[in-house]
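S.K.: Task: produce atomic coordinates for the following.
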Amino acid sequence: MNPAVHVFNETSPLRQVMVWGEPGCEALLGQLLPKSQSLFFSYYEVPEARRELRKVQRMIEAEGIQVIRIKDAYVASLADKSFPDMPATMDELKRRLHQRADELYEAHRDAKAADLAQDGLSIGADEVYLQVKQDMDAILREDVESYGEAAAVKLNYVLSLSRPLPISNIVYGRDQSNALGGRIVLSIMRWEIRRPEVEIYAQALNHLGYGSMLAHVEQGTIEGGDSIIFGKTCYIGVGARTSMDAVVDVCRLIGDTLEEHDIDLVAVVNQKHAEESPARTVPTHEHMQVMHLDTFWIPLDEKTVMGDGREIDQRRAVRVRRENGSIKQEDLGNFREYLSAQGLELIEVDQQEQKDFATNLLNLGNQRLLVSLSKNGRVIAELEKRGFRVLKADILKLVGGYGAVHCLTAPVLRD
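M.R.: I've put the predicted structure just below:
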């Protein structure tokens, strides 16, 4: 594969897209953590989520789009690496994974039980714990079949045992990096449990040959779900996860490329969340609900976008540009007004549709949309009425991490 990065418009035909791969034992261990640490809903079944990820991959490939699996590349990149504390055998790995599950269960049982009860789930903390331990062995067998025993031990050690917290969210493969123009911008994640993901992605991307195309943000925090190039604007959400100083750094890194293509860099700012986030030790439900731009807004075609009007009305559009050796910020007014000034029609989704990930879709180009859940019947009917071909992923378990199809996929090549 000759690696190339070219993403200058969210609605252009998609040619290559990256996914992490199936969630594994690291996601199982995440089910034992309270929501404030795991960043998940209370509980989801990881084996079924693995099947859903494979289904998403097949659906994308059936549209003639190449899927690049970062997990496979990362495993390959580990071939010549060793870790002092790594289990020597699969049996030792299993023992240590079960021991880690025991430790997390004992440490967080009461908080986990409270989360499950608050969310109205019939399953209890004890049942989650037993199910996690049962599912571990089956997932490890699949990993051995995919990678061989030695590689499976190494992969699961890194993801589940090498750090105080399991790297449970890595399946949401847009957040660690995001292709903007001709570069892949590496993230700085807001929450501790997710920070190691960026290093893992960088290693895999270097292994795949993308090293010269990586751009390293050095200020603030930024996550890939907040960045979308569409039309003549590079939109970057600022709020619960991404900070304005990171947007300024992105301008420093790729501002010249955007200017060459006559693309404005515009921050889409929820000022309340931007001010609250640095002081938080755990995320609020409100922050989680609209954590990224792609959780409430998405482009559909050249003249149409879809979004939650309530959140859109909470946001300001701020142009960030280079001028005489420095970077300037210019308030452009309300985000809805900015969209209108661009000649864009807004299809609004309601509060429940936004919570059900109606905007978190993957645009395949040529009027094709891969949506996350078929339960958003009103939205799907409206899209089909407008001539879109709607493919339904129905990822009922994978949305348990507050992310859906757009969060799971990272385009690197569009026409």
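
S.K.: Quick one: distance of the helix or strand hosting residue 97 to the chain centre.
M.R.: Using DSSP states H and E, residue 97 falls within helix 90-118. How far helix 90-118 lies from its chain's middle: 25 Å, per Cα atoms, centre = their mean, to the nearest Å.

S.K.: can you check stretch 193-200 too?
M.R.: That offset, for stretch 193-200, works out to 12 Å (Cα atoms, centre = their mean).

S.K.: Can I get that stretch in CSV? Just the C-alpha atoms.
M.R.: Presented in CSV, the C-alpha positions along stretch 193-200 are these (Å, rounded to 0.1, in the frame of the first residue of the first chain):
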residue,chain,number,x,y,z
ILE,A,193,-8.0,6.6,30.3
ARG,A,194,-7.7,7.6,26.7
ARG,A,195,-4.3,9.3,26.6
PRO,A,196,-2.3,6.2,25.8
GLU,A,197,-4.3,5.6,22.6
VAL,A,198,-2.5,8.3,20.7
GLU,A,199,0.9,6.8,21.3
ILE,A,200,-0.5,3.4,20.0
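
S.K.: contact partners of it?
M.R.: Stretch 193-200 is contacted by residues 30, 33, 37-39, 74, 158, 163, 165-170, 175-177, 186-189 when judged by Cβ atoms under 8 Å, 6 or more residues apart in numbering. (Glycine included, C-beta is placed from N, CA and C.)

S.K.: With adjacent residues omitted, what lies nearest to residue 286?
M.R.: Using Cβ to Cβ, 6 or more residues apart in numbering and skipping residues adjacent in sequence, the residue nearest residue 286 is residue 273, 7.7 Å away.

S.K.: from memory the one you found sits against residue 240, does it?
M.R.: Yes. Counting by Cβ atoms under 8 Å, residue 273 touches residue 240, with 4.6 Å between them.

S.K.: The two: which is more packed in?
M.R.: residue 240 (27 against 22; other Cβ atoms under 10 Å).

S.K.: so when I look at that one, I'm seeing a helix, right?
M.R.: No. With DSSP: H, G, I helix; E, B strand; the rest coil as the criterion, residue 240 is located in coil rather than a helix.

S.K.: Now the closest residue to it other than its chain neighbours: which helix or strand?
M.R.: The shortest distance from residue 240 to any non-neighbouring residue, by Cβ to Cβ, 6+ apart, is to residue 287 (3.7 Å). Residue 287 is part of helix 285-289 when elements are defined by DSSP H and E.

S.K.: and for residue 273 and residue 240, which residues touch both?
M.R.: Here residue 273 and residue 240 share the contacting residues 287, 290, scored by Cβ under 8 Å, 6+ apart.

S.K.: quick one: the residue nearest to residue 286 from residue 392, how far?
M.R.: 31 Å (Cβ to Cβ, to the nearest Å).

S.K.: what are the ranges of the helices in the stretch 51-200 of the chain?
M.R.: Secondary structure of the stretch 51-200 of the chain (DSSP state H, counting those that start in this stretch): helices at 70-77, 90-118, 125-147, 149-156, 196-208.

S.K.: One more: the stretch 201-350 of the chain?
M.R.: Taking DSSP H, counting those that start in this stretch as the test, the helices found in the stretch 201-350 of the chain are 244-260, 271-276, 285-289, 309-312, 335-341.

S.K.: Identify each buried residue in the first one, please.
M.R.: By neighbour count, and taking 16 or more other Cβ atoms under 10 Å as the criterion, the buried residues in helix 244-260 are 244, 246-255, 257-258.

S.K.: next one: the third one
M.R.: Buried residues in helix 285-289, defined by neighbour count with 16+ other Cβ under 10 Å: 287, 288, 289.

S.K.: Would you mind putting these into TSV with distance to residue 264 alongside?
M.R.: Shown next, in TSV, are those (distance: Cβ to Cβ, whole Å):
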residue	distance to residue 264
287	27
288	29
289	28
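
S.K.: which among those gets closest to residue 225?
M.R.: Relative to residue 225, the closest of these is residue 288; by Cβ to Cβ it sits at 12.2 Å.

S.K.: which one is that closest one nearest to, not counting chain neighbours?
M.R.: Residue 288's closest residue in space is residue 402 (Cβ to Cβ, 6+ apart), at 5.4 Å.

S.K.: and the gap between the one you found and residue 105?
M.R.: According to Cβ to Cβ, residue 402 stands 23 Å off from residue 105.

S.K.: same check, this time on residue 249
M.R.: For residue 249, the distance to residue 105 equals 40 Å [Cβ to Cβ].

S.K.: Quick check on the nearest residue to residue 249 once chain neighbours are set aside: phi, psi?
M.R.: Nearest residue to residue 249 in three dimensions, chain neighbours excluded: residue 219, at 4.3 Å (Cβ to Cβ, 6+ apart). Residue 219 adopts backbone torsions of phi -120, psi 140, taken as degrees, to the nearest 10.

S.K.: That's all I had, so thanks and see you.
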